[in-house]
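Participant: here is a sequence with its predicted model. Questions after.
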Amino acid sequence: MAYGAKTAVDGLSLRVERGTVTAVLGPNGAGKTTTLETCEGYRRPQAGVVRVLGLDPQRQRGALLPRIGVMLQSGGAWSGVRAVEMLDHVAAMHAHPLPTPVLVERLGLGDCGKTPYRRLSGGQQQRLGLAMALVGRPELVFVDEPTAGMDPQARRTTWDLLEEVRADGVTVVLTTHHMDEAEHLADHIHIIDHGRLIATGTPSELTRGGSTATIRLVVNRPFPESAPESLRTELGPGTEIRQLDAVSMLISGPADPTTLGRVSRWCEAHDVLPQTLTLGQRNLEDVFLELTGRGLS
């Protein structure tokens, strides 16, 4: 899929298993939105084959739309419509909708039910968008940034609801800029960059290191230019060091009780102050930075 000279999706091939939560992650411009909009039927693929629930999103759109729900990152409602009116309108377009009062209560929309859409907070708009995506009892729901702008309580409620939806057999495909959200919710994660699939697996598969230990080092000012090489020399053979950005490194390899002490001594010798020095497993953000060299946003 190309826009003029820019290729947004480049030979991308991925599969989503039924009854799972699958996260599609990638930096801005990686091709996530184009990919999902093609699956939702909003864009026509220029090459390749797209099947959603076994149907072609373009040629069989009429048969597909009643079976899917789509939560947009923003928009999807008229600016002057009241929140519950919009939800009732969407429900009326489905043959067997969920009772709207149930969703209103579940997502905490009661206090803003009579508020015009344009006056809702960002988190309230997201909750309404999720309710609109779920009210038709979809088999598959696409959710784009489901908790953007939400407070912690609303975020946790949304997580619980998506987990309940999955438990009921609904397939969920989500994009998110929150790594903890992907790790918490997703059964499977696809990471894409420059329109291509660069990694895929469960959260534990993607964060699992082959070494004995992983140390994350964050310092107070940029590392010296030769930092990775000199630290590798300090720690000895079998150690892998990745500089994630100007002030953080990921150190993987054999560890013994003296390893953290040697890292601390190296920092002292090079006049950098550790802000965090943690021993444990890589997290998803570490993997993401290693693979793409840049953050999600």
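Facilitator: Thanks, I have it.

Participant: check which element follows the helix or strand that contains residue 63 along the chain.
Facilitator: Taking DSSP states H and E as the definition, one finds residue 63 inside helix 61-64. Reading on from helix 61-64 to the C-terminus, the next helix or strand found by DSSP H and E is strand 68-71.

Participant: same for the longest helix belonging to the chain, what does it pack against?
Facilitator: Across the chain, the helix with the greatest residue count (assigned by DSSP state H) is helix 152-167. Helix 152-167 is packed against strand 21-25, helix 122-134, strand 171-175, helix 179-185, with contacts defined by 3 or more Cβ pairs under 8 Å, 6 or more residues apart in numbering; DSSP states H and E. C-beta here means a position set from N, CA and C on the backbone, and glycine is covered the same way.

Participant: swap the cut-off to 10 Å and go again
Facilitator: Contact partners of helix 152-167 among helices and strands, from 3 or more Cβ pairs under 10 Å, 6 or more residues apart in numbering; DSSP states H and E: strand 21-25, helix 100-106, helix 122-134, strand 140-144, strand 171-175, helix 179-185.

Participant: which residues touch the residue lying closest to residue 128 once chain neighbours are set aside?
Facilitator: What sits nearest to residue 128 in space, not counting adjacent residues and going by Cβ to Cβ, 6 or more residues apart in numbering, is residue 83, at 5.1 Å. Residues in contact with residue 83 (Cβ atoms under 10 Å, 6 or more residues apart in numbering) are 77, 104, 109-117, 119-120, 124-125, 127-128, 131-132.

Participant: of those, select the buried ones using a ChimeraX command.
Facilitator: Applying 16 or more other Cβ atoms under 10 Å to these, the buried members can be selected in ChimeraX as follows:
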select :77,104,109,112,113,115,116,117,120,124,125,127,128,131,132
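
Participant: show the contacting residues for the residue nearest the centre of the chain.
Facilitator: In the chain, the C-alpha nearest the mean C-alpha coordinate belongs to residue 176, at 3.0 Å (Cα atoms, centre = their mean). The contact partners of residue 176, by Cβ under 10 Å, 6+ apart, come to 23-25, 143-148, 182, 185-186, 296.

Participant: give me the phi and psi angles of it.
Facilitator: Backbone geometry at residue 176, expressed as degrees, to the nearest 10, gives phi -160, psi 150.

Participant: now it: how far from residue 153?
Facilitator: Applying Cβ to Cβ, to the nearest Å, one obtains 18 Å for the distance of residue 176 from residue 153.

Participant: swap in residue 271?
Facilitator: Using Cβ to Cβ, one obtains 44 Å as the distance from residue 271 to residue 153.

Participant: packing partners of the strand or helix carrying residue 37?
Facilitator: Using DSSP H and E, the element containing residue 37 is helix 32-40. In terms of contacts (3+ Cβ pairs under 10 Å, 6+ apart), helix 32-40 is packed against strand 21-25, helix 61-64, strand 68-71, strand 140-144, strand 171-175, strand 188-193.

Participant: export those to CSV and tack on mean pLDDT?
Facilitator: Shown next, in CSV, are the helices and strands packed on helix 32-40 (pLDDT from 0 to 100):
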stretch, mean pLDDT
strand 21-25, 97
helix 61-64, 95
strand 68-71, 96
strand 140-144, 95
strand 171-175, 96
strand 188-193, 95
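
Participant: mind giving me JSON lines with these and columns for mean neighbour count and distance to residue 206?
Facilitator: Conversion of these to JSON lines gives the following (neighbours: other Cβ atoms under 10 Å; distance: least, Cβ to Cβ, whole Å):
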{"stretch": "strand 21-25", "mean neighbour count": "24", "distance to residue 206": "10"}
{"stretch": "helix 61-64", "mean neighbour count": "14", "distance to residue 206": "30"}
{"stretch": "strand 68-71", "mean neighbour count": "23", "distance to residue 206": "25"}
{"stretch": "strand 140-144", "mean neighbour count": "23", "distance to residue 206": "20"}
{"stretch": "strand 171-175", "mean neighbour count": "23", "distance to residue 206": "16"}
{"stretch": "strand 188-193", "mean neighbour count": "22", "distance to residue 206": "6"}
